[in-house]
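K.L.:
I'll drop the sequence and a predicted model, then ask my questions.
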Amino acid sequence: MPKKLDPANAAKVMLKAGLKPLEPYKNSTYKWRCKCLVCGKIVKPPYKQIARGIGGCQTCRYSKSGKSNSNSEVGTVALMLENNLKPLEPYQNKDKPWKSICLICKKTVNPSFGNIKRGQAGCKWCTRKFLDPIEVVAVMKKQGYEPLTKYESDRVGWKSRCKKCQRISYPTYQKVSRQKNITGCTYCNIHYVDEKFAIKVMREAGFKPLVPYINARKPWKSKCLKCKNIVTPMYTNVCKGRGCNFCSPLGINLNIPSYLYLITNDQLNSHKVGIGNIRPIKRLSEDRLGRFKKQGWDTYKVWHFETGGEAWKVESAVFRVIRKDLGLPIHLSKEQMPKTEGQTETISADSITLLELEKIIKKVIKK
């Protein structure tokens, strides 16, 4: 059976921790009403915590030894001044942000005294302020920027001219110095685009914007200057070389050898005309026509062309005959072709034969 604690010994432990009991000891877990001998506040710490060296007066943060970890205001101010910080308000405790003015950059900051005492920097603006000016300019130039003003801090926007696009931006040295490769400014990366410049790019690509520019990844309602159709390309896609959905097929390179195919599917009772690029392939699924073969389509005929542009022109002319002259509608839905798509190029096998489609294609090619 554990020995009962002597109340007198318990009181000595409390006094040693800087706490004067104001009522008799009851047990080790009881919240014992005491007076803090430093600040005079009334506190109620359990004896069990004080005996273990924790708890006590939250304001003064007394330890088991009874020595205060608080700091005199004179000493704290002196240490702050040594670290180029001038306090603007009275000291409260080591963990509370202490409003001060940085004696170097004159900015107002809020470091805690505890962090300053541990050797941490007090002013976030001056953490790397004293870098060699020649060194920081050299880094900026290496990363593609020509600084136009004097260096202030690694976290302050630095007015610079981009060597790539000659535009002026305000990158921080902190961000630029961490870049592993030369990526250009925000304009070069399409993170920020001037509307006048964006409109110029769109016009050069064959589009006339019909609504104000919003951002690079939002569909931009425009008129195709070639086919006069209303389209909604994203600015970022136009910058990558993509054109009008009506004037150029999606996913087809118009400059490399390509082919036009005529295929059929007995199970779906449908024919399909389409085009694809001729590329080195390792697997059937890497080829446009190969993907259809994998889904049960049989190849009836294939015609080869020197470029994708030629194949696309023939395909477009063939569908003008099929849809406009013959009035044959799209046969399959997207749900019927979930893995390959291409449903807009299908024709019902009941409405036209493969031989008739072949004749149409040959006639178009001959023209």
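P.N.:
Nice, I can see it.
K.L.:
Break the protein down into its structural domains.
P.N.:
1-70, 73-117, 133-178, 200-239, 258-366 (automatic domain parsing).
K.L.:
What's the mean pLDDT across the first one?
P.N.:
Confidence for domain 1-70, expressed as mean pLDDT, is 78.
K.L.:
just the helices in this structure please.
P.N.:
Here the chain has its helices, by DSSP state H, at 7-16, 47-51, 73-82, 113-117, 133-142, 173-178, 195-204, 235-239, 288-294, 308-319, 354-366.
K.L.:
could you dump the ones you listed to a markdown table with distance to residue 148?
P.N.:
Where you see a C-beta, it was placed from the backbone N, CA and C, and this is true even at glycine. Formatted as a markdown table, the helices of the chain follow (distance: least, CB to CB, whole Å):
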| stretch | distance to residue 148 |
| --- | --- |
| helix 7-16 | 65 |
| helix 47-51 | 61 |
| helix 73-82 | 36 |
| helix 113-117 | 35 |
| helix 133-142 | 10 |
| helix 173-178 | 14 |
| helix 195-204 | 20 |
| helix 235-239 | 26 |
| helix 288-294 | 51 |
| helix 308-319 | 45 |
| helix 354-366 | 59 |
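K.L.:
Residue 94: how many residues sit nearby?
P.N.:
18 (other CB atoms under 10 Å).
K.L.:
ok, and the closest non-adjacent residue to it?
P.N.:
residue 114 (3.8 Å; CB to CB, 6 or more residues apart in numbering).
K.L.:
What of residue 102?
P.N.:
Closest to residue 102 by CB to CB, 6+ apart is residue 123, at 4.0 Å.
K.L.:
I figured that neighbour hits residue 106, correct?
P.N.:
No: between residue 123 and residue 106 there is no contact under CB atoms under 8 Å: 9.9 Å.
K.L.:
the more surrounded of these two?
P.N.:
In terms of neighbours (other CB under 10 Å), residue 123 is the more surrounded of residue 123 and residue 106; the figures are 22 against 10.
K.L.:
State the pLDDT value of that one.
P.N.:
pLDDT at residue 123 comes out at 81.
K.L.:
Could I get the contacting residues of it?
P.N.:
Residue 123 is in contact with 84, 85, 102, 104, 105, 107, 109, 111, counting by CB atoms under 8 Å, 6 or more residues apart in numbering.
K.L.:
out of the residues you listed, who has the most neighbours?
P.N.:
Per-residue neighbour counts (other CB under 10 Å) across the contacts of residue 123 peak at residue 85, which has 23 neighbours.
K.L.:
Give me the residue ranges of the stretch 151-300 of the chain where confidence is low.
P.N.:
182-183, 189-192, 227, 240-242, 245-255, 281-286 (pLDDT under 70).
K.L.:
Tell me where it has strands.
P.N.:
Taking DSSP state E, counting those that start in this stretch, the strands of the stretch 151-300 of the chain run over residues 160-162, 168-169, 207-209, 222-224, 230-231, 258-265, 270-277, 298-305.
K.L.:
Output these in a markdown table; the columns should cover distance to residue 77.
P.N.:
Shown next, in a markdown table, are these (distance: least, CB to CB, whole Å):
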| stretch | distance to residue 77 |
| --- | --- |
| strand 160-162 | 40 |
| strand 168-169 | 42 |
| strand 207-209 | 61 |
| strand 222-224 | 64 |
| strand 230-231 | 68 |
| strand 258-265 | 79 |
| strand 270-277 | 75 |
| strand 298-305 | 83 |
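K.L.:
need those strands in TSV with mean neighbour count and distance to residue 78, can you?
P.N.:
Shown next, in TSV, are the strands of the stretch 151-300 of the chain (neighbours: other CB atoms under 10 Å; distance: least, CB to CB, whole Å):
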stretch	mean neighbour count	distance to residue 78
strand 160-162	20	41
strand 168-169	16	43
strand 207-209	17	64
strand 222-224	20	67
strand 230-231	14	70
strand 258-265	21	80
strand 270-277	22	75
strand 298-305	14	84
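K.L.:
tally of neighbours for residue 188?
P.N.:
Neighbourhood size, residue 188 [other CB under 10 Å]: 17.
K.L.:
For it, give me its contacts.
P.N.:
Counted by CB under 8 Å, 6+ apart, residue 188 has contacts 162, 164, 165.
K.L.:
was I right about residue 179 contacting residue 143?
P.N.:
Yes: counting by CB under 8 Å, residue 179 touches residue 143, with 5.8 Å between them.
K.L.:
Many thanks, we can stop here.
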